[in-house]
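1. here is my input, please return the structure:
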Amino acid sequence: MPSTLKLPSFLLLLGCVFLAACSSVPGTDQAEQAEDKVARAEYYETAAVTYYDGQRYDLAALQFRRVLGEEPNHKKAKRGLGKSLYMDAAGNAGLSRKERAARRPGQPPLRSADRPGARLPRARRSLRP
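-> Numbering: from 1, shown residues only. Now for the predicted structure:
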């Protein structure tokens with residue numbers, strides 16, 4: 001009877017050692033992490049451009065910042081962040097401090113045409129190529 005109990009525990013131990021050896025293939029973790037970083041940056045960039053085109057400049061700026069967190073030298077993200085911040089500020093121009101504080105995060109800004117006497121921002125160009 002004791003020999004039958006040792007066999008399953010030995011197989012369990014052997015299986016654990018085998019799995020530990022397979023999971024530590026050198027170099028694959030770094031390559032996968034690099035691919036994941038690029039995929040995340042592309043996802044954030046796509047989301048940012050979509051928000052920008054939908055005139056959700058505050059959310060576009062957030063996504064462009066995420067792209068820059070993944071790839072700090074990303075030129076399109078730097079340009080997009082600047083344009084998003086400019087357009088978000090232009091959309092909030094003329095609002096009082098109370099109106100800005102009452103605006104919920106993620107809520108689209110008032111259009112300039114809705115506020116009397118507000119200057120219209122320059123025509124925007126799409127960030128899509």
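
2. any idea how far Tyr44 lies from Lys76?
-> 11 Å (Cβ to Cβ, to the nearest Å). All C-beta spots, glycine's among them, are computed from the backbone N, C-alpha and C.

3. again with Ala34
-> From Ala34 to Lys76 the distance is 20 Å (Cβ to Cβ).

4. the two: who's more crowded?
-> Between Ala34 and Lys76, counted using other Cβ atoms under 10 Å, the more crowded position is Lys76 (15 against 10).

5. was I right about that one contacting Glu45?
-> Yes: at 6.9 Å, Lys76 and Glu45 qualify as touching, with contact defined as Cβ atoms under 8 Å.

6. helix or strand right after the helix or strand where Asp29 lies?
-> Taking DSSP states H and E as the definition, one finds Asp29 inside helix 28-53. Following helix 28-53 in sequence order, the next helix or strand is helix 57-70 (DSSP H and E).
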